[in-house]
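Trainee: Structure, please.
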Amino acid sequence: MKTVTCTAPVNIAVIKYWGKRDEKIILPLNDSISFTLSQDEMCAKTTVSVSPAFSDDRFWLNGKEESLENPRVQNCLKEIRRRASKRKFEGYDEDILNWHVHICSVNNFPTAAGLASSAAGYACLVFALGQVYGVEGDLSSIARQGSGSACRSIFGGLVRWYKGELEDGTDSIARSIAPADHFSDLKVIICVVNADRKKTGSTDGMRRTVQTSQLMQHRVKESVKSRIDSMMEAIQEKNWSSFCDLTIADSNEMHAVCQDTFPPCVYMTDTSHAVTSLIHQYNELKIAQGDINHKVCYTFDAGPNACLFVPGAVAEEILAILLLAFPPDSSETPDEYVRGIRVKPITLSKELMSLIDEDVKSGRLKYLIHTKVGDGPQIIRDAAFSLLDQATGLPKSAGCIS
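Mentor: Sure, this is the predicted structure:
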């Protein structure tokens, strides 16, 4: 038996991928740019084992056995095996390609809630399979065939997914464009409005948007191209103020095309919009104070949950503002409500206190995740952390958790 365990990160796009030119092999209509988040708070974990003793390919996801007939999983597995067939294995019989595979995967955050769970999951799957079968070189084009944005989770820091021009998708790949510390001491705060499965999945939403939205045509042909160029310039020059404005503009435009879809795809809620309003007020205050380097930007994937990119110097005050503007309900302690990186409570200035509405209601946010930008997939070499038993190749527990 050969076994590998890996973890892979979530990524959050600042220039959005929304819409495909080929749904089968997942080719996007435009380039996208993302931040990879730290795996300390949010990650997928996958163990892959291959053995001549296994009678079938089997797959367990978040404690439940799933069918491996899923075409996206099959696409990833077939491409890994195809590439592996072209190289020799040192120390292993080449019959390894004919051995069956067992896969066990878990996420430590909600699935299908607009928190990029599929990106982390497929990136982890492909990275682990690549390690098992000895596949080297670009893995992003394989991860893309599982979930489009998964190709970006193959790398850390700032990542660009190039849409490519070829029909076979071989040039639709992701590349790292800046390391995790490019914007020094950057923090990330995720405001979880709803952790439940979203009503309209990203795949269905994209398809409807491409088919029905006139605004989408303008986005693809005009606005997103120039915004990508401006974003690359802002990254190269480390112009945080410009980066913030571009990130907010692209998030707003993506959700505008979702609203322009027929029937509309509605992902943001009243609470989502309340978060955006608060951030705009905060940035206006910073601009009035001449402090454009400590602006905050928000972005929303296909869900109601806000992702805030926050300079570290103001992370404590942003968390303090959020706690006052969106207090937890009485059943939650501060440690349960703010998860991840711990910060000390601070006293807000009168100017910052003026941003808080008088009519504050508790429970509008489920919880906050305080994290940072991070690196790409990691191998876990300690067998104790494997999700599969080394003797049987079966999950160690009902939840696949060691």
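Trainee: Residue 324 and residue 360 touch, don't they?
Mentor: Yes. With contact defined as CB atoms under 8 Å, residue 324 reaches residue 360; the gap is 7.1 Å. The C-beta positions use only the backbone N, C-alpha and C, and glycine is treated the same way.
Trainee: more neighbours, the two?
Mentor: residue 324 (15 against 11; other CB atoms under 10 Å).
Trainee: Check for me that the more buried one belongs to a helix.
Mentor: Yes. Assigned with DSSP: H, G, I helix; E, B strand; the rest coil, residue 324 falls within a helix.
Trainee: separation between it and residue 278?
Mentor: Distance, residue 324 to residue 278, by CB to CB, to the nearest Å: 10 Å.
Trainee: Next: residue 243.
Mentor: 20 Å.
Trainee: Equivalent analysis for residue 369, please.
Mentor: Per CB to CB, residue 369 is found 17 Å from residue 278.
Trainee: And for residue 350?
Mentor: Noted for residue 350: a distance of 17 Å to residue 278, by CB to CB.
Trainee: neighbour count winner among these two?
Mentor: residue 278 (23 against 6).
Trainee: Tell me, what's the model's pLDDT at the more buried one?
Mentor: According to the prediction, residue 278 has pLDDT 98.
Trainee: for residue 241, same thing?
Mentor: 97.
Trainee: who's in contact with it?
Mentor: Shown in contact with residue 241 (CB atoms under 8 Å, 6 or more residues apart in numbering): 292, 293, 295.
Trainee: Out of the residues you listed, which end up buried?
Mentor: Buried members of those, scored by 16 or more other CB atoms under 10 Å, are residue 295.
Trainee: Looking at the contacts of residue 241, which one is closest to residue 151?
Mentor: Nearest to residue 151 among those: residue 295, at 29.2 Å, using CB to CB.
Trainee: got the contact list for that closest one?
Mentor: Counting by CB under 8 Å, 6+ apart, residue 295 has contacts 240, 241, 244, 283, 286, 287, 311.
Trainee: can you list contacts of stretch 339-348?
Mentor: 40-41, 187, 315-317, 319-321, 324, 367-372.
Trainee: If we only consider those residues, which is nearest to residue 385?
Mentor: For the contacts of stretch 339-348, the nearest to residue 385 is residue 40 (15.0 Å; CB to CB).
Trainee: And the helices in this structure?
Mentor: For the chain, the helices defined by DSSP state H cover 71-84, 117-133, 140-143, 202-212, 214-218, 224-237, 240-260, 270-288, 315-325, 334-337, 350-353.
Trainee: and the fifth one, how far from the chain's centre?
Mentor: Its chain's C-alpha centre lies 25 Å from the corresponding centre of helix 214-218 when counted by CA atoms, centre = their mean, to the nearest Å.
Trainee: Relative to residue 266, how far out is residue 276?
Mentor: Applying CB to CB to residue 276 and residue 266 gives a distance of 15 Å.
Trainee: which of those two has more neighbours?
Mentor: Taking neighbours as other CB under 10 Å, residue 276 and residue 266 compare with residue 276 leading, 18 against 15.
Trainee: so what's the closest residue in space to the more buried one that isn't next to it in sequence up against?
Mentor: Leaving aside its sequence neighbours, residue 276 sits nearest to residue 298 (CB to CB, 6 or more residues apart in numbering; 5.7 Å). Contact analysis of residue 298 by CB under 8 Å, 6+ apart lists 247, 248, 251, 275, 276, 279, 306, 307, 308, 309.
Trainee: what about the last one, neighbour count?
Mentor: Using other CB under 10 Å, residue 309 is surrounded by 22 other residues.
Trainee: which one is it nearest to, not counting chain neighbours?
Mentor: Nearest non-adjacent residue to residue 309, counting by CB to CB, 6+ apart: residue 297, 5.1 Å away.
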